[in-house]
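Undergrad: below: sequence and its predicted model.
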Amino acid sequence: MKLLEVKNLCKIFDDKEILIDINFSIPNGKIIGLLGKNGAGKSTLIKLINDLLTPTKGEILINGNKIGVETKKVISYLPERTYLNKQMRVKDVINYFEDFYDNFDADKAKKLLKDLDLNIEQKLSKMSKGMLEKVQLVLVMSRNADLYVLDEPLGGVDPATRDYILDTILSNFNENASVIISTHLISDIEKILDEVIFIDKGKIILQSDADKLRNKEKSSIDEIFRRMFKC
């Protein structure tokens, strides 16, 4: 059984096709790069996987189950924009997640926050954009989920912190879980990718093992992407 299966998926907004006949599957134990230009359909696809939008046609299965309440329990989602209540302190958010999610590991979250030099007593309203993004990533990666879906996890942090975040992603999901990372910073993440999915104008134009693609094209994933999507 595949961890994630997307079958004949279409999404239409105001008579415009955003996703067109999307088909792919993801096994357990892989880190997948979901790569495409702005407006390609990446965020729409991610929202459909997380049951935040309803497909116009087709279906999405997680461990063989249709998207819904049960699948939300095993998907840990990092949205592109901050969603946390900024009047809360970091420790309040940890307590909230611990109460809300059965698979949340508060001790792991506290360790990761300490490693990132974040004060659990601090109010979120007093934090910078980059600090908030670190807190959100820690919360997401501290769940013992089957599938982690990360939308632009590196956007607001400095290059040194990116390395730590990538190490955090690598070391904080179990071998049976998989991770989908949507990002524009391909050169930063490609070293951890097992597979890549290129999406353009609502269609998947390539899905490949990352090493095989690099060997075939004699180029990095970043270079291949730039060639394929050259303006």
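TA: In hand now; what should we look at? Numbering: from 1, shown residues only.
Undergrad: now do the strands in the chain.
TA: All strands of the chain, identified by DSSP state E, fall at 4-13, 16-26, 31-35, 57-62, 65-66, 75-78, 147-151, 178-182, 195-200, 203-209.
Undergrad: in this structure, which spans are helices?
TA: For the chain, applying DSSP state H gives helices covering 42-49, 69-72, 90-100, 106-115, 129-141, 159-171, 186-189, 210-217, 221-228.
Undergrad: for the second one, buried residues please.
TA: Just to be clear, that refers to helix 69-72. T71 (16 or more other C-beta atoms under 10 Å). For every residue, glycine as well, the C-beta is placed using N, CA and C.
Undergrad: ditto for the fourth one
TA: The neighbour-count criterion (16+ other C-beta under 10 Å) identifies A109, K110, L112, L113 as the buried residues of helix 106-115.
Undergrad: state the mean pLDDT of it.
TA: The pLDDT scores in helix 106-115 average 92.
Undergrad: would you mind writing the CA trace of that helix as PDB?
TA: Only the C-alpha atoms of helix 106-115 are listed here, as PDB (Å, rounded to 0.1, in the frame of the first residue of the first chain):
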ATOM      1  CA  ALA A 106       6.400  18.000  24.000                       C
ATOM      2  CA  ASP A 107       9.800  17.000  25.200                       C
ATOM      3  CA  LYS A 108      11.100  16.800  21.700                       C
ATOM      4  CA  ALA A 109       9.600  20.200  21.000                       C
ATOM      5  CA  LYS A 110      11.300  21.800  24.000                       C
ATOM      6  CA  LYS A 111      14.700  20.300  23.000                       C
ATOM      7  CA  LEU A 112      14.400  21.600  19.400                       C
ATOM      8  CA  LEU A 113      13.400  25.000  20.700                       C
ATOM      9  CA  LYS A 114      16.400  25.100  23.000                       C
ATOM     10  CA  ASP A 115      18.700  24.100  20.200                       C
END
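Undergrad: quick one: contacts of it?
TA: Residues outside helix 106-115 that contact it (C-beta atoms under 8 Å, 6 or more residues apart in numbering) are 90, 94-95, 97-98, 120, 135, 138-139, 141-142, 164, 168, 172.
Undergrad: over to the fifth one?
TA: For helix 129-141, contacts defined as C-beta under 8 Å, 6+ apart pick out 76-78, 82-84, 90, 93-94, 97, 104, 108-109, 112-113, 116, 118, 124, 127, 148, 150, 153, 155-158, 161, 165, 168-169, 172-173.
Undergrad: since that was my last question, I'll sign off now.
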